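> kindly return the folded structure for what I paste below:
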Amino acid sequence: MPFVRPEIIRPPSEHDSYYLPLTSGCSNNACSFCAFSFSRLGMRDLEDVQQEIDAMSVYMKQRMWVAGQPEIVYAILHGWNGKKVFLQDGDALVYPYPQLLEVLQYLNRKFPNIQRIASYATPQDILRRTVEELKELKDQKLGILYMGVESGDNAVLRRIRKNASHDQIVEAAKKVKQAGILLSVTVILGLGGVQGSEGHVAETAGILTEMDPDYAGALTLTLIPGTELHKEWERGEFELITPFDSLRELKGLVENSTFSNCFFSSMHASNYFALRGTMPRDKGKMLRQLNALLSSKDPRLLRPEFMRGL
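Numbers count the residues shown, from 1 in each chain. Below is the predicted model of the structure:
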């Protein structure tokens with residue numbers, strides 16, 4: 001099967017990066033809430049990746065296009081400052097290790113002034129790598145990994161088919177930190193539904209404390225038609241929490257998570273309220289904001305449904 005270049009799905013903090021695809025889809029390809037569950041994992045040939053890097057170099061040095069490269073390459077390059085690269089797709093760290101290392105080395109030869117390379121990574125991807133291998137990637141400027149934690153509750157993780165347990169996710173986080181790579185994680189408010197809300201919040205606050213990431217973001221569950229979780233909701237097997245209940249979950253995470261130094265936010269468009277701060281310094285301020293909002297019970301203070309998105 002020929003490699004199909006994926007759509008650009010990236011963390012907000014990678015808005016000024018060049019998006020270099022190594023894979024398409026996701027190696028887990030199973031999470032019941034996720035649009036990636038529709039896709040199979042695709043691997044791009046190393047030679048093809050290197051040809052794109054060559055074309056990037058020609059354009060940045062001479063503003064010339066190389067025949068055979070898709071227009072999207074030049075659309076991205078037009079606004080690129082040469083500092084950051086984000087490896088696509090859903091978990092580029094699954095790319096075979098020798099080839100992944102070679103891609104990073106090649107990038108650094110062609111662009112010695114690159115400041116940081118980034119990638120999504122599943123817990124399984126990280127656990128496949130040794131700390132020494134991760135350190136080698138760090139030496140080649142892999143500076144941050146983005147991991148979807150979703151929940152710390154094993155019951156929720158099994159239900160959504162994350163194929164990683166609470167302890168495995170924590171182990172993966174520790175490997176990343178031992179390698180000196182920044183770790184950014186996301187969790188999903190409402191993923192336990194009404195019945196599982198209490199356990200989801202308690203265990204997710206616990207796993208965030210154990211992982212102690214550099215960045216943590218809370219998203220709010222948005223059901224995607226066609227996914228298994230959406231079908232469960234249609235059959236009445238899954239009950240969505242209310243917008244204000246999602247804020248109670250957010251408060252529970254802020255209140256019960258302990259961090260060394262973590263930028264925590266709910267700035268994602270899926271959320272009903274945007275919160276941000278550095279923990280533990282801003283914990284009190286963030287809780288005061290949430291308490292005021294929960295006390296008011298005023299829906300006009302929430303992001304309306306039509307403005308929420310993925």
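> so, low pLDDT: which residues of this protein?
1, 36-39, 306, 310 (pLDDT under 70).
> again, 90 this time
1-12, 24-42, 89-91, 224, 226-228, 267-272, 297-310 (pLDDT under 90).
> show the contacting residues for residue 207.
The contact partners of residue 207, by CB atoms under 8 Å, 6 or more residues apart in numbering, come to 149, 151, 152, 166, 169, 170. C-beta coordinates here come from the backbone N, C-alpha and C atoms, glycine included.
> what does residue 286 give?
254, 264, 275, 277, 279.
> 6 Å instead, please
Contact analysis of residue 286 by CB atoms under 6 Å, 6 or more residues apart in numbering lists 254, 275, 277.
> could you dump those residues to CSV with neighbour count?
As requested, the contacts of residue 286 are exported to CSV (neighbours: other CB atoms under 10 Å):
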residue, neighbour count
254, 23
275, 21
277, 18
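> nearest to residue 70 among these?
Nearest to residue 70 among the contacts of residue 286, counting by CB to CB, is residue 275 at 38.6 Å.
> wait, what's in contact with the residue of the chain positioned farthest from its centre?
The C-alpha centroid of the chain is most remote from residue 62, which lies 34.2 Å away (CA atoms, centre = their mean). Listed by CB under 6 Å, 6+ apart, the contact set of residue 62 is empty.
> measure it to residue 190 for me?
50 Å (CB to CB, to the nearest Å).
> again, but for residue 21
Distance from residue 21 to residue 190, by CB to CB: 31 Å.
> and those two? which has more neighbours close in?
Counting neighbours by other CB atoms under 10 Å for residue 21 and for residue 190 shows that residue 190 has the greater number, 24 against 21.
> surely the more buried one is in contact with residue 246?
Yes: counting by CB atoms under 6 Å, residue 246 is a contact partner of residue 190 at 5.4 Å.
> okay, and the common contacts of these two?
Common neighbours of residue 190 and residue 246 (CB under 6 Å, 6+ apart) are residue 220.
> check which element follows the biggest helix by length in the chain along the chain.
Criterion DSSP state H: the longest helix present in the chain is helix 46-62. Per DSSP states H and E, the first helix or strand lying C-terminal to helix 46-62 is helix 71-78.
> now that next one - C-alpha only, PDB.
C-alpha atoms of helix 71-78 as PDB (Å, rounded to 0.1, in the frame of the first residue of the first chain):
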ATOM      1  CA  GLU A  71       2.000  21.500  -2.400                       C
ATOM      2  CA  ILE A  72       1.300  21.100   1.300                       C
ATOM      3  CA  VAL A  73       5.100  20.900   1.800                       C
ATOM      4  CA  TYR A  74       5.600  24.400   0.500                       C
ATOM      5  CA  ALA A  75       2.400  25.700   2.100                       C
ATOM      6  CA  ILE A  76       4.000  24.800   5.500                       C
ATOM      7  CA  LEU A  77       7.500  25.900   4.600                       C
ATOM      8  CA  HIS A  78       6.200  29.300   3.500                       C
END
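> now it: buried residues?
73, 77 (16 or more other CB atoms under 10 Å).
> ok, stretch 4-22 next?
Buried, per 16+ other CB under 10 Å, within stretch 4-22: 5, 6, 10, 11, 13, 14, 17, 18, 19, 20, 21, 22.
> helix, strand or coil for the third one?
So the one you mean is residue 10. What DSSP: H, G, I helix; E, B strand; the rest coil gives for residue 10 is coil.
> now do the same contact list for it.
residue 86.
> next: the first one.
When contacts are counted by CB under 6 Å, 6+ apart, residue 5 touches residue 21.
> next, it: secondary structure please.
Strictly by three-state DSSP, residue 5 counts as coil.
> before we move on, back to that, now, which of the contacts of residue 286 lie within strands?
residue 277 (DSSP state E).
> include distance to residue 196 when you put the contacts of residue 286 into JSON lines, please.
As requested, those are exported to JSON lines (distance: CB to CB, whole Å):
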{"residue": "254", "distance to residue 196": "20"}
{"residue": "275", "distance to residue 196": "23"}
{"residue": "277", "distance to residue 196": "27"}
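> among the contacts of residue 286, which one sits closest to residue 222?
Nearest member of the contacts of residue 286 to residue 222, counting by CB to CB, is residue 275, at 17.7 Å.
> how much space separates the closest one from residue 246?
Distance from residue 275 to residue 246, by CB to CB: 12 Å.
> now swap in residue 207 and tell me
18 Å.
> can you count the residues close to residue 64?
9.
> surely it meets residue 58?
Yes: contact between residue 64 and residue 58 holds when scored by CB under 6 Å: they sit 5.5 Å apart.
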